[in-house]
Every structure is written in C-alpha cells, then in structure tokens.
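>>> any chance you could fold what I've pasted below:
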Amino acid sequence: MKKLFLFLLPLAFLVACNDSDPDDGIKIEGCTNPDAVNYNPYANFDDGSCVTVQQKAGAFAVNYTATWCGPCGSWGAPLIHEIAGAGDNVVAITAHASNDPMHVPALYSSFASSRPTGGGIPSFWVGDVKDGGVAGAEALLAQTPPVGMEFKATRNGNTMDVDVDVIFFEEVSGDYYLSVYILEDGIDGSSSSGAYAQSGVANPATYEHDYVLRTAATPNDAYGEKIASGSIASGTSFEKTYEIPLEAEWDEVYVALCVWKYDSGTNFYKFVNALKKK
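Just a heads-up that it's a prediction; the model follows:
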C-alpha cells in the first residue's frame with residue numbers, strides 16, 4: 001500500500017500542473033482600454049500608455065515648390081518652416097512640381113484642384129485661405145474642431161501600417177473625407193545632392209528638404225476617401241486600417257492626417273482638422 005501511495009503522489013502533482021493556466025501570475029503590460037487606438041487585448045496590466053481620440057485642433061498648410069525654383073528656396077522654404085512652427089500640430093506639406101525628383105503627379109494635381117497655385121510657385125494655402133501665413137495657422141489651432149482623430153503607425157520594412165480612429169464630437173451634416181499622408185523630413189537638398197539640390201537657399205551646402213509629400217493612403221487623391229455622409233450624430237466614430245507601400249530609400253518618414261468636408265456646389269474640400277506624429 002505504501003508503494004502504491006508513493007507512486008500516485010508524483011502523478012497527482014503532474015495532473016495538478018497540467019490543469020493550471022500557464023499564464024497565471026504573468027504580468028503583461030500595455031493599454032487595456034478597448035476604445036484606445038493602441039489597445040492591447042493581451043495586456044492584463046494597464047501601463048498608462050492608452051491613446052484615445054481628443055478634440056484637439058490641428059492646422060494644415062501646403063506649399064507648392066520645386067528644386068529648380070529660386071524663390072522657392074530663398075523665401076518659400078523659410079516661410080513653410082515658420083508656418084509649421086506655429087504649433088506642434090501643424091500638418092505642413094511641400095508638394096513638389098514637375099521636373100523635380102520629389103514630384104508626385106497625381107497628388108500634386110489633386111491638391112491643386114481645390115487649392116490652385118495661382119499660376120506660379122512658391123504658392124501657399126493655409127487651411128482654406130491662399131497665402132494665409134503663420135497667422136492663419138495660429139487661427140486654426142485656436143478653433144474647437146467638430147472632428148477628432150488618433151492613429152497608431154508602424155513601419156514594417158517597406159510598408160507603413162496605420163490604424164486610425166475618427167470621432168465626431170458634434171452633430172454635423174455633409175460629406176466628410178479622411179486623408180492619410182506619408183511625409184518625409186531631412187532629405188539632402190545640398191549643392192552636392194544632384195537633382196535634389198535646392199536653388200536659391202542661403203546655405204546651399206547644408207540645405208535639407210522637409211515636409212515632402214511622398215505618398216498617401218489614396219495615392220491618386222490628396223483629399224482621401226469618404227468616411228461619413230449625410231446627417232452625422234455626435235459620438236459617431238469610425239475605424240480605418242491602411243497598409244501604405246513605401247520606397248526603401250525613404251528614411252525620416254512619418255504620418256499625418258487631415259479631415260475635409262466636401263462642398264459639391266463649389267467642388268472644394270473645406271479643411272476640418274489635422275493631426276501629425278513624428
């Protein structure tokens with residue numbers, strides 16, 4: 001009988017181990033809020049990293065430019081940097097014209113369909129105002145937008161994976177569009193950079209191109225895709241996921257979002273809000 005007991009005792013421990021949850025006692029830190037854009041369904045300990053949509057105002061500015069354009073380097077480049085410096089949530093974009101290695105034909109033409117250059121470059125739009133300048137960006141940042149956005153972006157090799165949450169904080173009506181842009185800073189535009197060399201700059205040996213429009217989630221339409229239409233109730237939310245192809249040589253790339261309201265009568269995309277992360 002004693003021998004039988006000694007045989008069964010380790011067997012009982014083995015059965016007890018097999019019946020237990022292997023994850024018991026394991027602490028997995030992360031965001032445990034399912035409404036957050038960075039929610040981790042495997043986390044069992046909230047580490048305070050949750051990112052949720054806020055009713056935060058952003059600004060938008062586009063500068064039509066080109067490497068071969070002297071005024072684009074002499075006063076256009078400094079001005080777009082000044083506008084971008086109006087606040088931490090200014091989506092500044094440089095859309096490069098033809099005969100420039102950074103030219104993206106479809107997106108350049110699409111932007112200009114609602115925000116024309118006026119016949120020459122450099123040419124600026126801030127929000128819905130041509131030549132709005134720094135004051136225009138500051139005014140946009142002071143507004144209370146009806147729509148808020150948040151996103152998580154991860155580069156996986158030559159793909160940018162972007163998860164976007166959009167919330168309408170006010171009751172609105174109309175056709176609303178979401179744009180997701182890939183921008184790049186720090187591109188060598190010095191006098192030794194060949195076709196990328198920028199004309200007209202004060203320091204040609206060290207110049208870098210910033211806010212360069214590389215591509216978008218909708219590569220043929222700068223104003224994005226429709227996300228809501230008609231009467232939209234306060235609290236309405238949308239989630240979108242994108243896999244955006246990148247070129248291997250694009251280095252300091254980041255994601256920026258804009259929401260627009262389309263006016264079919266004027267064929268104009270009115271700026272609503274913007275968000276960027278670097």
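
>>> residue boundaries of the helices in the protein?
With helices called from DSSP state H, the chain shows them at 2-19, 70-71, 77-84, 105-114, 133-141.

>>> mean pLDDT for these: which is lowest?
When the helices of the chain are compared on average pLDDT, helix 2-19 comes out lowest at a mean of 39.

>>> count the neighbours of residue 101 for me.
12 (other C-beta atoms under 10 Å). Using the backbone N, CA and C atoms, a C-beta is placed for each residue, glycine as well.

>>> so how far is residue 33 from it?
43 Å (C-beta to C-beta, to the nearest Å).

>>> kindly report the same for residue 182.
For residue 182 relative to residue 33 (C-beta to C-beta), the value is 28 Å.

>>> before we move on, what about residue 119?
Counting by C-beta to C-beta - residue 119 and residue 33 are separated by 50 Å.

>>> and for residue 190?
On the measure of C-beta to C-beta, residue 190 and residue 33 end up 46 Å apart.

>>> how about residue 156?
24 Å.

>>> kindly report the same for residue 70.
Taking C-beta to C-beta, one finds residue 70 at 52 Å from residue 33.

>>> residue 194 now?
49 Å.

>>> these two: which is more packed in?
Each of residue 194 and residue 33 has its neighbours counted (other C-beta under 10 Å); residue 33 has more, 16 against 10.

>>> and the closest residue to that one other than its chain neighbours, how many neighbours?
Nearest in space to residue 33, with sequence neighbours left out and distances taken as C-beta to C-beta, 6 or more residues apart in numbering, is residue 50 at 4.4 Å. Close neighbours of residue 50, defined as other C-beta under 10 Å, add up to 18.

>>> test my guess that residue 149 contacts residue 162.
No. Using C-beta atoms under 8 Å, residue 149 is not in contact with residue 162; the gap is 11.1 Å.
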